[in-house]
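> Got a sequence here, can you build the structure:
(one chain, ligands or ions: 1)
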Amino acid sequence: MVNLVQSLLEYVSTVGLPTVLIFVVVLLLSLWLLSSRNPRVNWPPGPVCFPVVGCLPQMMISGRRRQPTDLLPWYDTYGDIMHVKLGEQHLIMLGTYELIQEAFVKNAATVSARPTWIYLLKHVVGKDGAGVIFKSGHEWKELRRFTLSSLRDLGLGRKSLQERIQDEARYLVQNIEDENGKAFSPRNRIGKAVSNIISIVVFGTRYDFNDTPEMLPVLEEALRIGEGALSLTDLARFFIPMKKLFALVDKFYSLVRQEVERHRQSFDPTDIRDFIDLFIKVTTEGQDPEIYTEWNVFRIIVDLYLAGTDTTANTLRWSLVHMVNHPDVQKRVQQEIDQVIGQGRVAKMEDKARMPFTEATILEVFRMSTVVPLGVPHATSETINLAGYTIPKGTMILGDLYRVLHDKNNFEDPYKFKPERWLNGNGNVIRSEKLIPFSVGPRVCLGKGLAEMESFIFFTTLLQNFSFKVPEGENPPDGIEGFNVATFTPYPYNVCAVRR
Ligand code: HEM
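Numbering: from 1, shown residues only. Next up is the predicted model:
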């Protein structure tokens, strides 16, 4: 071995390092060309990718600020549909509403799988996937139907979900009131309020604002570690601290299992209180045991918590950013609240139809601050033809929701916060089919209705009770850039909440 290294070094010193480097690069390029030449595949254009690592180096460089805008210039060079190689993984990025429709709606039968073969997912949910977010095929359809109908049934319990959200909004107001108009960061308390809604649905309990539910920080830490383009490739195992990540996932699972055990003690099959009771019911009844396995139903619980917390919380966090930056908009929303709701009661969903400016403001928050910029990765379950290109089975497909919502052909002045764009001359709300923060097709966000209800009630209740402003001496928060982790969240900011 020592001899071999010595002769190599001697050889390098004879021919010179540049020659050796050129030789290595040519060799790798040839290997890569040979491996990627497949006459049956006709990939869309995309950046030139390196062997082994693919386009990860360019992505890391162009994405060093990690904004959802980072990759937008690539579309100008390569077109609206791009082929990008991430490590060994082929990825198609769709940058227009029409292409996303063509893939996720028209070709739904073959573009609705999830890429559970990638290292991270394979280790967290198993190679066949599980639950609702990461399951594919007919089992996913059945589990999705079950999840939706269970959410509906649980929402119609003794106290409706709407009433729970109203209660939680009141608690949030009380909590903010304790600040007495002083500067504070709304980040964590918004997170707690929103996670309480999912906790009520799933675990049947809410947590006091002063206690941090153990699950929330575990989830946030796991999402922080396991994010970014790298996590979508098998190279993740070398660059992401997987041991730490899997330990967090295990911790999260054990906390959920503790809840299951607690529920078993008071379980009554005729009185289903929450999703955990439902878990106990379906797994003991043994209906359709192939589909309703313990693992699938357990993962649904995790999925709801995972998908239902940070997304809605970030929407509310962004909404306060826009309110302090646009006091005129804030005032108009408050005038509408005063006219329609007044100060004597909490907002309810029926109010929305009579509050077009408030609705327009929330729609503008959904558009401007796309909290899931690239959606959740889809995958092809068959070879398909998309926009004239042949895309093989087992390709990852991302719909660039951020690009659609910031395309000046769809929305004029896309980086300006303008609720008026959603109102017609009569002051009525005009909706656009291109407003797709929840994605489209059969995989469309399962919690869309809940997210809309939470956004309306929390936002309206906050503005009914307080006027928010930038604390004296502090800079206004950034309304465009933020941390692009698994979801898109504003940079840390403070506000003052002045009682109205
Ligand atoms: C503003 C808030 C939210 C936004 C912007 C949002 C957005 C999204 C997006 C873009 C997807 C991916 C769709 C696709 O694969 O094409 C998704 C999936 C999903 N969301 Fe949401 N979401 C929000 C809130 C929620 C809430 C509150 C829940 C909880 C009930 C939830 C549950 C889910 C689930 C379970 C999926 C996976 C659906 C499937 O794979 O069939 N989401 N969401």
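> In this protein, which residue sits nearest the ligand?
Gly447 (2.1 Å; C-beta to the nearest ligand atom). Placement of C-beta: from N, CA and C, glycine included.
> can you count the residues close to that residue?
21 (other C-beta atoms under 10 Å).
> Please apply the same query to Ile225.
18.
> quick one: what helix or strand has the closest residue to it other than its chain neighbours in it?
Distance criterion C-beta to C-beta, 6 or more residues apart in numbering; nearest residue to Ile225, sequence neighbours excluded, is Leu245 at 4.8 Å. According to DSSP states H and E, Leu245 maps onto helix 242-265.
> and the angle for the following helix or strand past that helix with helix 242-265?
Once helix 242-265 ends, the next helix or strand along the chain (criterion: DSSP H and E) is helix 275-285. Angle, helix 275-285 to helix 242-265, by axes from the mean of the first three to the mean of the last three C-alpha atoms, to 10 degrees: 80 degrees.
> Mind pulling up the pLDDT for Thr205?
pLDDT, Thr205: 88.
> Please look at it and Ile198 and confirm they touch.
No. Using C-beta atoms under 8 Å, Thr205 is not in contact with Ile198; the gap is 11.1 Å.
> More neighbours: which of those two?
Ranked by neighbour count (other C-beta under 10 Å), Thr205 and Ile198 place Ile198 first, with 23 against 13.
> is it true that that one touches Gly308?
Yes. In terms of C-beta under 8 Å, Ile198 counts as a neighbour of Gly308; the distance is 4.3 Å.
> measure the residue nearest to Ile225 to Ser467 for me?
Note on Leu245: its distance to Ser467, by C-beta to C-beta, to the nearest Å, is 42 Å.
> Give me the more crowded residue out of the two.
Leu245 (21 against 18).
> For the more buried one, give me its contacts.
120, 222, 225-226 (C-beta atoms under 8 Å, 6 or more residues apart in numbering).
> for Gly399, same thing?
Going by C-beta under 8 Å, 6+ apart, Gly399 touches 94, 99-100, 103-104, 374-375, 378, 439-440.
> can you rerun that using 7 Å?
Taking C-beta atoms under 7 Å, 6 or more residues apart in numbering, we find Gly399 in contact with 94, 100, 103-104, 375, 439.
> Check which residues of the lengthiest helix in the chain are buried.
Scanning the chain for the helix with the most residues, using DSSP state H, yields helix 294-325. Using 16 or more other C-beta atoms under 10 Å as the test for burial, helix 294-325 gives 296-324.
> Quick check: closest non-adjacent residue to Leu216.
Leaving aside its sequence neighbours, Leu216 sits nearest to Ser195 (C-beta to C-beta, 6+ apart; 5.3 Å).
> I meant Val124, not that one.
Nearest non-adjacent residue to Val124, counting by C-beta to C-beta, 6+ apart: Val249, 5.7 Å away.
> repeat for Glu179
Ala497 (6.3 Å).
> which stretch of helix or strand covers that neighbour?
Here Ala497 sits within strand 495-499, counting by DSSP H and E.
> The residue nearest to Val124 touches Ala222, doesn't it?
Yes. Using C-beta atoms under 7 Å, Val249 makes contact with Ala222 at a distance of 6.0 Å.
> Thr69 - how many residues pack around it?
A count of neighbours around Thr69, defined by other C-beta under 10 Å, yields 16.
> Please read off the pLDDT at the residue nearest to Val124 from the model.
pLDDT for Val249: 92.
> next one: phi and psi at the most centrally placed residue in the chain?
Geometric centre of the chain, nearest residue: Val372, 3.8 Å, by C-alpha atoms, centre = their mean. Main-chain torsions, Val372, degrees, to the nearest 10: phi -120, psi 80.
> residue contacts, it?
Neighbours of Val372 in contact, by C-beta under 7 Å, 6+ apart: 311, 401, 487.
> Out of those residues, which comes closest to Pro45?
Among the contacts of Val372, Leu401 lies closest to Pro45 (C-beta to C-beta), at 21.4 Å.
> hang on, the closest one packs against Leu435?
No. Using C-beta under 7 Å, Leu401 makes no contact with Leu435, being 9.9 Å away.
> Show me which of the two is the more surrounded one.
Leu401 (25 against 18).
> what sits against that one?
By C-beta under 7 Å, 6+ apart, the residues touching Leu401 are 370, 372-375, 436-437, 439.
> now with 10 Å?
Going by C-beta atoms under 10 Å, 6 or more residues apart in numbering, Leu401 touches 68, 94, 97, 100, 367, 370-375, 435-440.
> could you pull out the strands for the stretch 351-500 of the chain?
378-379, 384-386, 389-391, 396-399, 466-469, 482-484, 488-490, 495-499 (DSSP state E, counting those that start in this stretch).
> what about those, which gets the closest to Trp43?
Of all these, strand 389-391 sits nearest to Trp43, with 6.5 Å by C-beta to C-beta.
> and the stretch 201-350 of the chain, which residues reach the ligand?
303-304, 307-308, 311-312, 315 (C-beta under 6 Å from any ligand atom).
> could you redo the last one with a cut-off of 8 Å?
Neighbours of the ligand within the stretch 201-350 of the chain, by C-beta under 8 Å from any ligand atom: 201, 300, 303-304, 307-309, 311-312, 314-315.
> contacting residues for Leu363?
Contact partners of Leu363, counting by C-beta under 10 Å, 6+ apart, are 419, 421-423, 429-432, 435, 437, 452, 455.
> Narrow these to those that are buried.
By neighbour count, with 16+ other C-beta under 10 Å, these hold 419, 421-423, 429, 435, 437, 452, 455 as buried.
> Might one say that Ser455 is in contact with Leu316?
Yes. Assessed by C-beta atoms under 10 Å, Ser455 is found in contact with Leu316 at 6.8 Å.
> ok, back up a step: counting only helices, which of the buried ones among the contacts of Leu363 make the cut?
Counting by DSSP H, the part of those found in helices is 452, 455.
> Tell me the pLDDT of the residue nearest to Ala103 when sequence neighbours are not counted.
Spatial nearest neighbour of Ala103, excluding adjacent residues (C-beta to C-beta, 6+ apart): Val111 at 4.7 Å. Per-residue pLDDT puts Val111 at 98.
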